[in-house]
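Enquirer: Quick one, what's the 3D model for this:
(one chain, ligands or ions: 1)
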Amino acid sequence: MIIAVDGPAASGKGTIAKALAKHYHLPHLDTGLLYRAVAATVMRLELDPTQEADSVAACDFDELTLADPVLRDDEVGQVASIVSAHPLVRAALMQRQKRFAHQDGGAVLDGRDIGTVIAPDATAKLFVRATPTIRAQRRFAELKSRGKSTSYDQVLADIRSRDERDSGRSTAPLVPAADAVLLDTSFLSIEAAVAKAVALVEARR
Ligand code: C5P
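Expert: Numbers count the residues shown, from 1 in each chain. Just a heads-up that it's a prediction; the model follows:
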């Protein structure tokens, strides 16, 4: 069973994907971390993330480490959405994600293009969304709890610019797969959202 969970930043897709992996005893990959790891490398080397060739040359794509807490920072997310628009960066990360999705026994992956590009054959595809202001409130609370100093307005502006970049790019833009089911978490608790996600997956098995 392959479960694809796509959606914009702070929609709740990561939380839902983790909970589904636990529920079905499946391995889980947060694919945003791959793009964040590329971004962190580009930032560390002080390269220009808009330059596709530089971003590709800087990275050893098979050796990206995904455990560094710095990857969760908002600045890294912004740069991730710049490097992730480069077709060569996406191509370099594709096989690793496809292999993970198609391993024996199945997997849960969350990202932007799992249902459309990485696993178009997924058993169940969820497209998780929530209004930009609610996503900004969640992300602001999360950053505050991690001791990061930022304003709500800044977080909202970042979310909007990332949405625009992720939806507007020509390679693997953020769009629901034709056969994805939409799950709006704007007014759902985490428990209610997870329960709904499990019910939607059950309906597709
Ligand atoms: O999901 P997360 O916010 O960690 O992703 C960071 C950035 O990586 C996104 O804004 C998006 O540009 C990119 N991304 C992507 N495709 C994926 C996962 C993430 O382009 N499958």
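Enquirer: what does the protein put close to the ligand?
Expert: Within the chain, the positions lying close to the ligand (Cβ under 6 Å from any ligand atom) are 9, 31-32, 35-36, 77, 80-81, 84, 111-113, 162, 166. Where C-beta positions appear, they are placed from N, C-alpha and C, glycine not excepted.
Enquirer: The same query, at a cut-off of 5 Å, please.
Expert: Contact residues of the chain with respect to the ligand, defined by Cβ under 5 Å from any ligand atom, are listed as 9, 31-32, 35, 77, 80-81, 84, 111-113, 162, 166.
Enquirer: Tell me which stretches of the chain form strands.
Expert: Remark: strands assigned in the chain by DSSP state E are 2-6, 28-30, 107-111, 124-129, 181-184.
Enquirer: If the most centrally placed residue in the chain is in a bridge, with which residues?
Expert: Centrality entry for the chain: nearest residue to the mean C-alpha point is Gly111, 3.1 Å, by Cα atoms, centre = their mean. Judged by DSSP bridges, the bridge partners of Gly111 are Asp6.
Enquirer: re earlier: most tightly packed of the strands of the chain?
Expert: strand 2-6 (a mean of 29; mean count of other Cβ atoms under 10 Å).
Enquirer: Return it as CSV; C-alpha atoms alone will do.
Expert: Only the C-alpha atoms of strand 2-6 are listed here, as CSV (Å, rounded to 0.1, in the frame of the first residue of the first chain):
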residue,chain,number,x,y,z
ILE,A,2,1.4,3.4,-1.0
ILE,A,3,-0.2,6.5,0.6
ALA,A,4,0.6,9.8,-1.0
VAL,A,5,-0.1,12.9,1.1
ASP,A,6,0.4,16.2,-0.7
